[in-house]
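1. mind folding the following:
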Amino acid sequence: MARKILIIGGVAAGASAAAKARRDDEKAEITIYEKGPYISFANCGLPYYLGRDIKKRDDLFLMTPEFFYQRYRVNVKVNHEVVEINKEEKSIAVKNLVTGEAFKDYYDKLVITTGGTPIKPSIAGINLENIFTLFTINDVDAIEKALNEENIEKVAVVGGGYIGLEATEAFLKRGKKVTLIEKMNQLLPYLDEEMAQPLAKHLENLGVRVILGNGVKEFRGETKVREVVLENDDVVEAQLVIVAIGARPQLELIKKAGLEIGGAGGVVVDATLRTSDPHIYAGGDIIETVHLVTGKKVRIPLAGPANKQGRVIGANVVGGHKYFKGVLGTSIVKVGDLTAAKTGIGEREAKELGLAYLVSYTPALHHAGYYPNARYLVTKLIFAQHSGKILGAQIVGWEGVDKRIDVLATAIHGSMTVEDLENLDLAYAPPYSSAKDPVIMAGFVAANVLRGEIDLVTPESVKKSLHRIIDDRWQIVDVRTHKEREKEGYIPGALFIPVDQLRERYGELDPNRKTLLYCKSGYRSYLGYKILKDLGFKDVYSVSGGYMGYRYEV
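-> Next comes the predicted model:
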């Protein structure tokens, strides 16, 4: 008898599970129940459609119910809400949201991929017209309708995460005046604070008003929103608001069915993605999985893992033996002309976990400096203090961020060390990279730190402790050129001795005092460090990432 597989939710994980199950079992009877009107749409593409990077609305639809049936012989029932799961009789109760009809369906295996739902906080005025989330096709349709019917000039975006930043850029491209509001003191809270600073500066340079460390108290207007009142009582004018403060997993159905929920707030699954019921599997935004660096259970709602989880589930519900090993949380986002990316854990997480770790910052050009249009990117590595094993990486830059973060994600997945990065054999030609790729350069710097070949201080620690450093009579030495110093500025109290003059002028420094060197990106201060150490200076340090790191610039 053919297996009967029911799938609740038909976007990323659900659609992937259905397609894989069909590929592995031609005889299985497979049905998807989707509460909304669409399946397998590109929700990650919604901001880019709003910003007109994606020109046609139809391009957002990866699959239609009709095509899904034609290709995979999977029955897709949209506008059908599953309202109950009966584990004992292996059935679900379904409601047709168009006709109101209610019925039961029975399964051999059940797959739950209900995903998340955007958070709309209980703030006064939240239900005024022209306050939207940006999560579904219906959302983007409603936003487009408002933009087309009204003369909207001022837009407020609440939330500085992925969707908030992408929405901000989209409205800039539509010629709107945008205010971005984030309750935390930084954008992209999953980044370490100093790595997020260039993004806020860049958006301000593009004309965005960026408000950090200030949440929303209320929305004001008669029927439509007109003002956003902040927690400090400042008022932001806005004729349209996007609320993008995150999403919560849709767990109501799961809790009602009595399936186990874990400490990270998601459905508990094993490596096969089977829930606490042996006949029910789950994937996507609703589940907990293992973080490959920390070994802890986490819930990381990203499209990449969701699609891979769907593939594992699809194989296993028809008798396969696939396993989902876990996640690194690798992510990337475009912010104006800048790109920010992360994989593994950040320094803040390493500190919270009590790990013994080291940090390095490495600014480098994305391709050969002599080839036109070379742009900087800054790589931050977090690595184990004793072994050098890479724990995490963050990159912010103009070009080439994507391929470098993918190399580093692969390195973490393979349990590589920073010394392994030194020896990578990466592709090189002047239009694409340098003979020493930014990933390899980051490996050089981090490995030098690991082996004790240089003593680094972070730019963040210099900024926070500058008064104490000056009071303790440290020698701060700027080893850049005169032109760089005049154009870019300098750290207060710094002496100016270009690195090429240091051998002749080191007598101007006291070898018994602590000496802090910096250049633009860190390489010349490394050279200066070596020179002074060989000349008998005892306490010498270099600013990791140089003046670029100190200024939070890329």
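2. what's the pLDDT at the closest residue to Leu495 other than its chain neighbours?
-> Sequence neighbours aside, Val477 is the residue nearest to Leu495 in space, at 5.2 Å (criterion: CB to CB, 6 or more residues apart in numbering). (Glycine included, C-beta is placed from N, CA and C.) As predicted, Val477 sits at a pLDDT of 97.
3. from Tyr281, how far out is the closest residue to Tyr107 other than its chain neighbours?
-> Among residues not flanking Tyr107 along the chain, Leu6 sits closest, at 4.2 Å (CB to CB, 6+ apart). Leu6 sits 11 Å away from Tyr281, taking CB to CB, to the nearest Å as the criterion.
4. rewinding a little: residues in contact with the residue nearest to Tyr107?
-> 31, 33, 92, 105, 107, 109-111 (CB atoms under 8 Å, 6 or more residues apart in numbering).
5. over to Ala356?
-> 384-386.
6. would you agree the residue nearest to Tyr107 falls within a strand?
-> Yes. Counting by DSSP: H, G, I helix; E, B strand; the rest coil, Leu6 falls inside a strand.
7. list the beta-bridge partners for it.
-> Beta-bridge partners for Leu6, by DSSP bridges, are Thr31, Leu110.
8. how close does it sit to Lys463?
-> 56 Å.
9. can you check Ser122 too?
-> 38 Å.
10. for Val327, same thing?
-> 33 Å.
11. where along the stretch 101-250 of the chain do the helices fall?
-> 137-149, 162-173, 193-205 (DSSP state H, counting those that start in this stretch).
12. in CSV, list those along with mean pLDDT.
-> Conversion of the helices of the stretch 101-250 of the chain to CSV gives the following (pLDDT from 0 to 100):
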stretch, mean pLDDT
helix 137-149, 95
helix 162-173, 97
helix 193-205, 95
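13. adding distance to Leu391, write the ones you listed out as TSV.
-> Output for the helices of the stretch 101-250 of the chain, formatted as TSV (distance: least, CB to CB, whole Å):
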stretch	distance to Leu391
helix 137-149	37
helix 162-173	22
helix 193-205	15
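14. just those helices: most buried one?
-> helix 162-173 (a mean of 24; mean count of other CB atoms under 10 Å).
15. only C-alpha atoms, please: export that helix in PDB.
-> The C-alpha trace of helix 162-173 is given here as PDB (Å, rounded to 0.1, in the frame of the first residue of the first chain):
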ATOM      1  CA  TYR A 162      17.500  41.800   8.000                       C
ATOM      2  CA  ILE A 163      14.000  42.800   6.900                       C
ATOM      3  CA  GLY A 164      14.200  46.200   8.300                       C
ATOM      4  CA  LEU A 165      17.500  47.000   6.500                       C
ATOM      5  CA  GLU A 166      16.300  45.500   3.300                       C
ATOM      6  CA  ALA A 167      13.000  47.500   3.500                       C
ATOM      7  CA  THR A 168      15.000  50.700   4.300                       C
ATOM      8  CA  GLU A 169      17.000  50.200   1.100                       C
ATOM      9  CA  ALA A 170      13.800  49.400  -0.900                       C
ATOM     10  CA  PHE A 171      12.100  52.700   0.100                       C
ATOM     11  CA  LEU A 172      15.300  54.700  -0.600                       C
ATOM     12  CA  LYS A 173      15.200  53.300  -4.100                       C
END
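16. can you list residues touching both of Leu6 and Tyr281?
-> With CB under 8 Å, 6+ apart as the test, Leu6 and Tyr281 both reach 109-111.
17. between Ser122 and Lys463, which is the more surrounded one?
-> Using other CB atoms under 10 Å as the criterion, Ser122 and Lys463 rank with Lys463 on top: 14 against 5.
18. which residues does that one contact?
-> By CB under 8 Å, 6+ apart, the neighbours of Lys463 are Tyr550.
19. where does it sit: helix, strand or coil?
-> The three-state assignment at Lys463 reads helix, by three-state DSSP.
20. how far away is it from Gln197?
-> 10 Å.
21. buried residues, the helix-or-strand element of the chain with minimal mean pLDDT. List them.
-> Lowest on mean pLDDT, DSSP states H and E among the helices and strands of the chain sits helix 459-471, with a mean of 89. The neighbour-count check on helix 459-471 (16 or more other CB atoms under 10 Å) flags 459-460, 462, 466, 469 as buried.
22. would Pro363 count as being in a strand?
-> Yes. Membership of Pro363 in a strand is supported by three-state DSSP.
23. quick one: contacts for it?
-> 376-379, 520-522, 545-546, 548-549, 554.
24. what's the answer for Asp277, then?
-> Contacts of Asp277 (CB under 8 Å, 6+ apart): 87, 257, 259.
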